[in-house]
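Enquirer: the following comprises the amino acid sequence and a computationally predicted model.
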Amino acid sequence: MPSKIEDYALIGDLQTCALVSREGSIDWLCVPRFDSPACFAALLGTEEHGYWKLAPKRAVKSIKRRYRGDSLILETDIECDRGIVRLVDFMPVRSNAADLVRIVEGVEGTVPMRMELAVRFDYGSIVPWVRSIDGGIRAIAGPDTLYCRADVPLHGEGFSTVAEFDVAPGDRIAFDLTWTGTYGPQPELEDPHRRLAETEEFWREWSSRCSYDGPWRDAVMRSLITLKAMTYAPTGGLVAAGTTSLPERIGGTRNWDYRLCWLRDATFSLYALMVGGYTAEAIAWREWLVNAVAGRPEELQIMYGIRGERHLTEIEIDWLPGYEGSKPVRIGNAAFRQFQLDVYGELMDVLHLTRRLGLPTSEDAWRVQCAVMKFLERAWEQPDEGIWEVRGPRRHFTHSKVMAWVAFDRSIADVERFGLRGPVKRWRAMRERVRADVLEHGFSREANAFVQSYGSSAADASLLMLPALGFIAADDPRMQGTVDRIRRELEADGLIRRYVTDHHVDGLPPGEGTFLLCTFWLADVLALQKKHDEAVRLFEHLLSLRNDVGLLAEQYDPIARRQLGNFPQAFSHVGLINTARNLHRGGGPAEHRQKT
């Protein structure tokens with residue numbers, strides 16, 4: 001049985017990631033990439049689908065864990081009746097092969113320990129061929145090979161590799177798990193203790209560049225580190241999360257693969273990183289974007305693989321029962337074929353921000369932008385699947401139309417502020433035309449609120465973004481009515497749902513948790529409406545939902561008091577960062593985005 005979603009911690013090397021449970025079991029590991037077959041998939045199946053445990057042989061009395069400073073190095077102190085041991089788990093920022101290092105340190109007493117390693121490739125379906133080598137074992141299955149080397153003897157038990165050993169104060173016993181291609185050379189074993197020091201230094205230097213100095217600095221820093229961990233260093237691509245198929249409702253079917261680069265999610269994440277002081281990531285992502293979207297603008301996808309791959313066919317893995325029985329388990333995401341109008345606005349907004357922050361200019365980026373804008377001039381009137389990627393019929397979503405307005409608005413500002421050449425007169429006319437269309441068809445006078453889509457009466461939390469985008473003032477009566485209605489119809493225990501899920505709306509069975517990013521948006525609107533104290537209370541309520549190491553999934557169940565969805569989720573941590581800045585001294589993204 002897997003742990004609760006929120007009982008995991010993240011480690012990673014900027015190319016892949018692993019999830020470590022409170023009890024010291026690694027139940028999810030993708031190597032060598034986010035989109036590759038997983039070595040361990042116990043989180044989505046059972047123990048027979050792979051895991052790596054390190055634990056005392058005696059009954060555990062207490063567990064305390066934390067990240068070492070501002071890093072992705074996880075420290076877990078485990079106490080039993082024989083003493084205390086510390087597990088240090090990390091993935092070195094790689095220079096060559098992918099490594100996962102675990103060091104057991106003796107803190108107090110002499111503690112008997114047991115290590116169990118069950119390697120399973122291809123999402124837990126393949127038991128590899130395991131052989132002993134000098135200092136450890138080698139596990140081979142087709143193109144994938146893992147080496148596990150240790151400071152203590154390893155031996156086989158059934159289809160697992162185990163070790164039993166004692167740890168006394170001052171002992172430091174290391175285990176190193178290394179992935180490599182089967183037909184390449186055996187990777188050299190590097191000193192794990194030296195690599196620990198190098199990894200700590202990497203994160204110390206990176207974290208030192210954070211520009212936020214407000215009252216929630218620790219929470220913001222942890223969220224920035226989490227976003228950095230979602231970055232694929234070789235290309236600059238940003239994934240939405242490091243996992244697939246963690247459910248939006250336990251036992252439900254809304255289980256999606258998030259190990260892909262959504263243009264929307266990436267731009268949200270980059271906005272948070274850039275205003276946090278991290279511009280190098282924006283430069284790398286901008287190059288990734290230009291390469292990924294090369295071709296005709298009408299062929300632009302809403303998501304790509306981490307290298308810019310376009311074919312992301314969705315399949316279902318029938319041998320995995322899913323997290324707590326939540327099926328199906330999906331690999332790939334069929335939404336890559338959807339038309340989502342809002343991504344154009346997000347793209348233009350973040351490219352505009354790169355110029356406002358003084359990043360080096362990119363002629364290629366402007367050429368791509370102008371080509372996309374030419375397409376948008378005729379495409380903005382089309383219905384789409386919207387920000388929530390509904391799998392029902394396309395609609396004229398109000399938020400999507402507003403984001404088309406954002407695309408024209410930011411492109412006009414690029415011409416006016418930075419002297420770029422573009423058909424600004426035509427774009428101004430299009431901007432006014434889109435705005436008039438939204439105000440006529442996207443607002444219900446009867447409800448005194450903006451609605452989910454033209455002709456609909458449904459509330460939608462994405463409309464909370466309208467003031468921060470600069471489309472309408474937060475204190476405009478139409479916006480005040482929208483906020484009141486969203487709170488009345490979508491609020492649960494102070495948290496906000498995206499919309500009322502219904503088969504007729506999105507083509508899926510109903511039921512999901514509250515959406516954390518939407519609740520951060522509500523706090524942003526309250527701040528813009530000068531309701532600062534209420535916004536702070538809501539923000540601190542959201543902070544209280546983080547797990548013990550500061551991580552958030554996509555959603556939250558206020559009844560079961562559990563996190564839901566893929567974990568950790570970039571969207572949620574973006575919301576945390578932006579709202580913290582919005583509530584501290586003003587001038588945060590909610591105000592920043594209005595001042596093009």
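Expert: Right, received. Where do you want to start?
Enquirer: residue contacts, residue 42?
Expert: Taking Cβ atoms under 8 Å, 6 or more residues apart in numbering, we find residue 42 in contact with 2, 25, 27, 28, 49, 50, 51, 124. Bear in mind the C-beta positions are built from the backbone N, C-alpha and C, glycine included.
Enquirer: so what's residue 118 bridging to?
Expert: residue 51 (DSSP bridges).
Enquirer: and which of the contacts of residue 42 is nearest residue 478?
Expert: Minimum distance to residue 478 across these is 44.9 Å, recorded for residue 28 (Cβ to Cβ).
Enquirer: could you give the number of residues near that closest one?
Expert: As a burial measure, residue 28 scores 26 neighbours (other Cβ atoms under 10 Å).
Enquirer: could you pull up the residues touching it?
Expert: By Cβ under 8 Å, 6+ apart, residue 28 lies in contact with 8, 18, 19, 38, 40, 41, 42, 43, 44, 242, 243.
Enquirer: where's the dip in pLDDT among those?
Expert: Among the contacts of residue 28, residue 38 has the lowest pLDDT, at 86.
Enquirer: I figured that one hits residue 126, correct?
Expert: No - counting by Cβ atoms under 8 Å, residue 38 sits too far from residue 126 to count as a contact (10.7 Å).
Enquirer: looking at these two, which is more packed in?
Expert: Using other Cβ under 10 Å, the more surrounded residue of residue 38 and residue 126 is residue 38, with 27 against 16.
Enquirer: and that one, its phi and psi?
Expert: Note on residue 38: backbone dihedrals following degrees, to the nearest 10 are phi -80, psi 140.
Enquirer: residues in contact with it?
Expert: Counted by Cβ under 8 Å, 6+ apart, residue 38 has contacts 28, 29, 30, 31, 50, 121, 122, 123, 124.
Enquirer: distance check, the fourth one against residue 146.
Expert: Spelled out, it's residue 31. To residue 146, residue 31 is 8 Å away according to Cβ to Cβ, to the nearest Å.
Enquirer: shared neighbours of the two, which are they?
Expert: 39, 179.
Enquirer: the two: who's more crowded?
Expert: The residue with more neighbours, out of residue 31 and residue 146, is residue 31; 27 against 24, by other Cβ under 10 Å.
Enquirer: just give the nearest non-adjacent residue to that one, would you?
Expert: Nearest non-adjacent residue to residue 31, counting by Cβ to Cβ, 6 or more residues apart in numbering: residue 179, 4.1 Å away.
Enquirer: so what would you say the end-to-end distance of stretch 323-330 is?
Expert: When the termini of stretch 323-330 are compared using Cα to Cα, to the nearest Å, they are 12 Å apart.
Enquirer: show me where pLDDT drops low in the stretch 351-500 of the chain?
Expert: Counting by pLDDT under 70, not a single residue of the stretch 351-500 of the chain qualifies.
Enquirer: where do the helices sit along it?
Expert: Using DSSP state H, counting those that start in this stretch, the helices of the stretch 351-500 of the chain run over 363-379, 398-418, 424-441, 477-490.
Enquirer: could you do the stretch 151-300 of the chain as well?
Expert: Taking DSSP H, counting those that start in this stretch as the criterion, the stretch 151-300 of the chain carries its helices at 192-207, 217-229, 263-275, 280-292.
Enquirer: deepest of the ones you listed, which one?
Expert: Ranked by mean neighbour count, the helices of the stretch 151-300 of the chain are led by helix 263-275 with a mean of 24 (mean count of other Cβ atoms under 10 Å).
Enquirer: could the C-alpha coordinates of it be exported in PDB?
Expert: Taking Å, rounded to 0.1, in the frame of the first residue of the first chain, the C-alpha atoms of helix 263-275 are listed here in PDB:
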ATOM      1  CA  LEU A 263       3.200  25.900 -22.700                       C
ATOM      2  CA  ARG A 264       0.800  27.300 -20.200                       C
ATOM      3  CA  ASP A 265       2.300  25.700 -17.200                       C
ATOM      4  CA  ALA A 266       5.800  26.500 -18.300                       C
ATOM      5  CA  THR A 267       5.000  30.200 -18.800                       C
ATOM      6  CA  PHE A 268       3.300  30.400 -15.400                       C
ATOM      7  CA  SER A 269       6.400  28.700 -13.900                       C
ATOM      8  CA  LEU A 270       8.800  31.000 -15.700                       C
ATOM      9  CA  TYR A 271       6.900  34.100 -14.600                       C
ATOM     10  CA  ALA A 272       7.400  33.000 -11.000                       C
ATOM     11  CA  LEU A 273      11.100  32.200 -11.600                       C
ATOM     12  CA  MET A 274      11.900  35.400 -13.400                       C
ATOM     13  CA  VAL A 275      10.300  37.700 -10.800                       C
END
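Enquirer: elements contacting it?
Expert: Applying 3 or more Cβ pairs under 8 Å, 6 or more residues apart in numbering; DSSP states H and E, we find helix 263-275 packed against helix 217-229, strand 237-238, helix 280-292, helix 342-356, helix 570-582, helix 589-592.
Enquirer: need these in CSV (columns: distance to residue 183).
Expert: Shown next, in CSV, are the helices and strands packed on helix 263-275 (distance: least, Cβ to Cβ, whole Å):
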stretch, distance to residue 183
helix 217-229, 30
strand 237-238, 26
helix 280-292, 28
helix 342-356, 39
helix 570-582, 35
helix 589-592, 48
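Enquirer: all strands of the stretch 451-596 of the chain, in order?
Expert: For the stretch 451-596 of the chain, the strands defined by DSSP state E, counting those that start in this stretch cover 491-492, 495-496, 514-515, 555-557, 562-564.
Enquirer: for residue 86, find the nearest of these.
Expert: Nearest of the strands of the stretch 451-596 of the chain to residue 86, taken as Cβ to Cβ: strand 562-564 at 25.8 Å.
Enquirer: which residues touch that closest one?
Expert: The contact list for strand 562-564 (Cβ under 8 Å, 6+ apart) reads 4-6, 246-250, 512-513, 545, 547, 552-557.
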